[in-house]
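K.L.:
Quick one, structure for this:
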Amino acid sequence: MSEIINLSSDAFSKVTTTPGKPVVVDFWAPWCGPCKSLAPILEEVAKDLGDKALITKVNVDDNPAIAGQYGIRAIPTMIIFKDGAAIDTIQGLVSKDALKAKIESHF
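P.N.:
Numbers count the residues shown, from 1 in each chain. From the prediction side, this is the model:
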């Protein structure tokens, strides 16, 4: 899948427990400048990785309970899940190459 999935609290648990592949959750907000800069990078990474990983987004303003559950205090913050477990965290704006390498390290 090469499209970014916007997650609500209803879909969060189901998607993050997808077996066998990393699931990247980008915690963001529409008013966040670095989040806006990260969006096209995430789109490129999603296209490059195809079905090898899921790239998702959670709007922290619309889903404060999820953000609170994972201790999100600054955005953008990305958490990489594998088989339902949070296995890595990336904070702030990162380059496409750095983000792609981090995700690929969890294949």
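
K.L.:
Make sure I have this right: residue 102 is in a strand.
P.N.:
No: Residue 102 is assigned helix when assessed by DSSP: H, G, I helix; E, B strand; the rest coil, not a strand.

K.L.:
Wait, residue 6 touches residue 57, no?
P.N.:
Yes: contact criterion CB atoms under 8 Å: residue 6 and residue 57 qualify, at 5.3 Å. Every C-beta, even on glycine, is put in place using the N, C-alpha and C of the backbone.

K.L.:
Stretch 27-36: which residues count as buried?
P.N.:
For stretch 27-36, the buried set under the neighbour-count rule, 16 or more other CB atoms under 10 Å, comprises 27-28, 32, 35.

K.L.:
How far does it sit from its chain's centre?
P.N.:
13 Å (CA atoms, centre = their mean, to the nearest Å).

K.L.:
Scan the helices and strands of the protein for the one with the lowest mean pLDDT.
P.N.:
Here the helix or strand of the chain ranked lowest by mean pLDDT, DSSP states H and E is helix 9-16, holding a mean of 91.

K.L.:
Show me what that one is in contact with.
P.N.:
Here helix 9-16 makes contact (CB atoms under 8 Å, 6 or more residues apart in numbering) with 5, 7, 23, 25, 54, 56, 58, 63, 65-66, 81, 84.

K.L.:
Turn these into TSV, including pLDDT.
P.N.:
Supplementary listing: the contacts of helix 9-16 in TSV, determined by pLDDT from 0 to 100:
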residue	pLDDT
5	93
7	94
23	96
25	97
54	95
56	97
58	97
63	95
65	95
66	95
81	97
84	93
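
K.L.:
From residue 37, how far out is residue 73?
P.N.:
Distance from residue 73 to residue 37, counting by CB to CB, to the nearest Å: 19 Å.

K.L.:
should've said residue 22
P.N.:
With CB to CB as the criterion, residue 22 and residue 37 are 22 Å apart.

K.L.:
These two: which has the busier surroundings?
P.N.:
Using other CB atoms under 10 Å, the more surrounded residue of residue 22 and residue 37 is residue 22, with 22 against 11.

K.L.:
Return the residues in contact with that one.
P.N.:
Taking CB under 8 Å, 6+ apart as the contact definition, residue 22 lies against 52-54, 80-82, 87, 103, 106-107.
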